[in-house]
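Undergrad: Provided below are the primary sequence and the corresponding predicted coordinates.
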Amino acid sequence: MKHFEANFDGLVGPTHNYAGLSFGNVASLNNAALESNPRAAAKQGLQKAKALADMGMVQGMLAPQERPDLYTLRRIGFSGTDAEVLQKAAKEAPALLNACCSASSMWTANAATVSPSADSRDGKLHFTPANLVDKLHRSIEPITTGNILQATFSDSRFFSHHSHLPEHASFGDEGAANHTRMCTEYGHAGVELFVYGQVATDPSAPKPTKYPARQTLEASQAVARLHQLDDESTVFIQQNPGVIDQGVFHNDVIAVGNQNVLFYHEQAFLDTQAKLDEIRSKLNTELHFIEVPTNKVGIQDAVKSYLFNTQIITLPNGEMAIIAPTDCQENPAVFAYLNELLTLNTPIKQVLYFDVKQSMQNGGGPACLRLRIAMNQAELAAVNQHTLMNDALFGRLNAWVDKHYRDRLSVKDLADPQLIIESRTALDELTQIMKLGSVYQFQR
Ligand SMILES: NCCC[C@H](NC(=O)CCC(=O)O)C(=O)O
C-alpha cells in the first residue's frame with residue numbers, strides 16, 4: 001500500500017498577537033507589544049500549506065482554538081457577562097487575560113506527539129496531545145486539541161487517541177517539537193527520537209540554569225509506552241542544556257529529521273556520538289547525519305533564522321527539499337550554509353523559502369506550524385476529508401479569513417468584547433467548512 005508523510009498545519013486564529021508570554025523563547029520576548037496582523041498571519045500559513053499541496057504533498061489543516069478563553073477566566077474567579085469578565089480581567093490581571101487570548105495553538109508541532117501505525121504494536125496510529133504545562137497560555141490547549149484531533153482523525157479502526165499526560169512539571173510535554181522519526185520508507189517501522197530537556201525525577205541530572213527545559217524524560221517515556229513502541233524503535237536523547245539557555249526552547253529549533261536524514265547543530269545534544277551510534281544500531285540502513293558546525297552557523301544565528309525549524313520533505317520524485325523561512329535567506333551565514341548544503345551530495349536537493357514572519361515573530365517557524373503524520377492510503381481515506389488542502393479549501397479558507405480577521409491587533413485590543421463575538425462567529429463557520437462538529441466549548 002502507498003505510504004507517505006502528511007503535514008497538518010495549524011490555522012492561525014483570529015486573536016494572533018504578541019504578548020511576550022514565552023520565557024525562554026527569544027522572539028516572543030523581543031517582540032512583546034508589537035502590533036500583529038492576524039489576517040496576514042493566517043494567509044502566510046495558508047500559502048505555505050497550499051504550496052506543499054501543490055507540490056504533491058498530502059497537506060491538512062487543523063482548526064484553531066477559541067480565544068479569548070472565557071472559561072479559564074471564569075474558573076479563576078472573574079464573573080459577570082462576557083464583556084464584564086474581560087473588563088475585570090484587563091483591569092485586575094492583564095497578564096492572565098493575555099494568557100487566555102493567545103493564538104498559540106497555531107503551532108501544531110506542539111499539539112501532540114504522533115506515532116505511525118508502522119511503529120506501534122497494535123498497528124494503529126497514536127496521538128497524545130501535549131500538556132504544555134510549562135507555559136500558562138499553552139497549558140489551556142490540550143483538551144480542545146484532543147477534540148480537534150478526534151474530529152479530524154475519528155475512525156477508531158485506524159486511530160488511537162490518548163489523553164494528555166498528568167498536568168505536572170514532572171510530565172512537561174511539548175509534543176512533536178521534541179520528537180522526530182527516522183525510517184527507510186514512511187510505511188516501514190522506523191526509529192522514533194524523543195528529545196528531552198531534563199530528567200524530572202533526578203535532581204542531579206544536567207539541566208539548563210537560565211531558561212526552562214519544557215520537556216522531561218518521564219513525559220517522553222510515557223508517550224512511548226502509550227504509543228506501544230518497543231525499545232528497539234525508540235531512542236531518548238537529552239538536549240544540550242547549554243543551548244536551551246541560549247533560546248533553543250524546543251528540539252525543533254536545533255534539529256530536524258526526515259526518513260534517513262538527521263539535520264542538526266553540532267551543539268544540539270548531549271552524548272551525541274553515543275546517540276548516533278544507537279540510532280545506527282536500531283535502524284540498519286544508509287543514514288545521513290548532517291551536522292552543522294558552530295564555525296559555520298553559531299547558535300545565535302540558528303535561533304534567529306530558524307535554520308533547523310525548517311521542514312525536510314520528500315517530494316513525489318523521491319528527492320528531499322527544505323522548506324525554510326525567508327529569515328534564513330536574510331541571514332548571510334545561514335544562507336551561505338544552505339547553498340553549500342545543496343552541493344554536499346545528501347538527499348536534500350532544493351531549498352524553498354516562505355514568508356511566515358507573523359509566526360516567526362512569536363518564535364514559530366515553518367516546522368512549528370505543522371504536525372507530521374506518517375500514514376498509508378487506507379488511513380488517509382479515513383481522515384476527515386474536509387480538512388485536506390486543495391484548491392477549494394484554500395479558496396474557502398482565504399475568503400473566511402478575509403471576512404472575519406482583523407488586520408491589526410495589539411494587546412490592548414484583547415479586552416474588546418467585540419473580539420469574542422468575531423472569533424466565535426468565525427470559528428462556528430469554520431466548523432461547518434471543515435465539518436468538525438461541536439469541538440468548541442461555546443458550541444456545547
Ligand atoms: N513551536 C513554536 C512555539 C512558539 C510559542 N510562542 C508563543 O507562545 C508566543 C506567544 C506570545 O508571546 O504571545 C511557544 O513559545 O510555545
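TA: Thanks, I have the structure now. Residues are numbered from 1 along each chain as shown.
Undergrad: next one: residue 307 from the ligand, what distance?
TA: According to Cβ to the nearest ligand atom, to the nearest Å, residue 307 and the ligand sit 15 Å apart. C-beta coordinates here come from the backbone N, C-alpha and C atoms, glycine included.
Undergrad: now do the contacts for the residue nearest the centre of the chain.
TA: Central residue of the chain (Cα atoms, centre = their mean): residue 109, 1.6 Å from the mean position. Applying Cβ atoms under 8 Å, 6 or more residues apart in numbering to residue 109 gives the contacts 175-177, 250, 252, 367-371.
Undergrad: which among these are in contact with the ligand?
TA: With the criterion set as Cβ under 6 Å from any ligand atom, the members of those near the ligand are 177, 250, 368.
Undergrad: of the residues you listed, which belong to helices?
TA: Within those, no residue falls in helices by DSSP state H.
Undergrad: so which of those wins on neighbours?
TA: Highest neighbour count within these, by other Cβ atoms under 10 Å: residue 250, with 29 neighbours.
Undergrad: who's in contact with the residue of the chain most remote from its centre?
TA: Distance from the centre of the chain peaks at residue 80, with 34.9 Å (Cα atoms, centre = their mean). Contact analysis of residue 80 by Cβ under 8 Å, 6+ apart lists residue 88.
Undergrad: number of residues surrounding the closest residue to residue 254 other than its chain neighbours?
TA: With sequence-adjacent residues excluded and distances taken as Cβ to Cβ, 6 or more residues apart in numbering, residue 254 is closest to residue 268, at 4.3 Å. By other Cβ under 10 Å, 24 other residues sit near residue 268.
Undergrad: so which bits of this protein are right by the ligand?
TA: So the chain meets the ligand at 18-22, 25, 28, 102, 104, 107, 109-110, 135, 138, 177, 250, 362-364, 368 (Cβ under 6 Å from any ligand atom).
Undergrad: just the ones of those residues in helices?
TA: 28, 138.
Undergrad: look up how far the ligand lies from the residue nearest to residue 254.
TA: Distance from residue 268 to the ligand, by Cβ to the nearest ligand atom: 16 Å.
Undergrad: check residue 191 too.
TA: 23 Å.
Undergrad: what's the neighbour count on that residue?
TA: The number of residues packed near residue 191 is 23, by other Cβ under 10 Å.
Undergrad: doesn't residue 184 make contact with it?
TA: No - taking contacts as Cβ atoms under 8 Å, residue 191 lies outside contact range of residue 184: 10.3 Å.
Undergrad: about what we covered before: give the contact list for the residue nearest to residue 254.
TA: Counting by Cβ under 8 Å, 6+ apart, residue 268 makes contact with 239-240, 243, 248, 251, 254-255, 308.
Undergrad: go on, residue 97?
TA: Contacts of residue 97 by Cβ under 8 Å, 6+ apart are 68, 73, 86, 89-90, 414-415.
Undergrad: equivalent analysis for residue 66, please.
TA: With Cβ under 8 Å, 6+ apart, residue 66 has these contacts: 144, 423-424, 427, 440-442.
Undergrad: all strands of the stretch 301-444 of the chain, in order?
TA: Using DSSP state E, counting those that start in this stretch, the strands found in the stretch 301-444 of the chain span residues 311-314, 320-325, 348-354, 370-376.
Undergrad: same thing with the stretch 101-250 of the chain?
TA: 112-115, 125-129, 159-161, 179-182, 191-196, 234-238.
Undergrad: name every strand pairing with the third one and say which way it goes.
TA: Read that as strand 159-161. Strand partners for strand 159-161, identified by DSSP bridges, are recorded as strand 125-129 (parallel).
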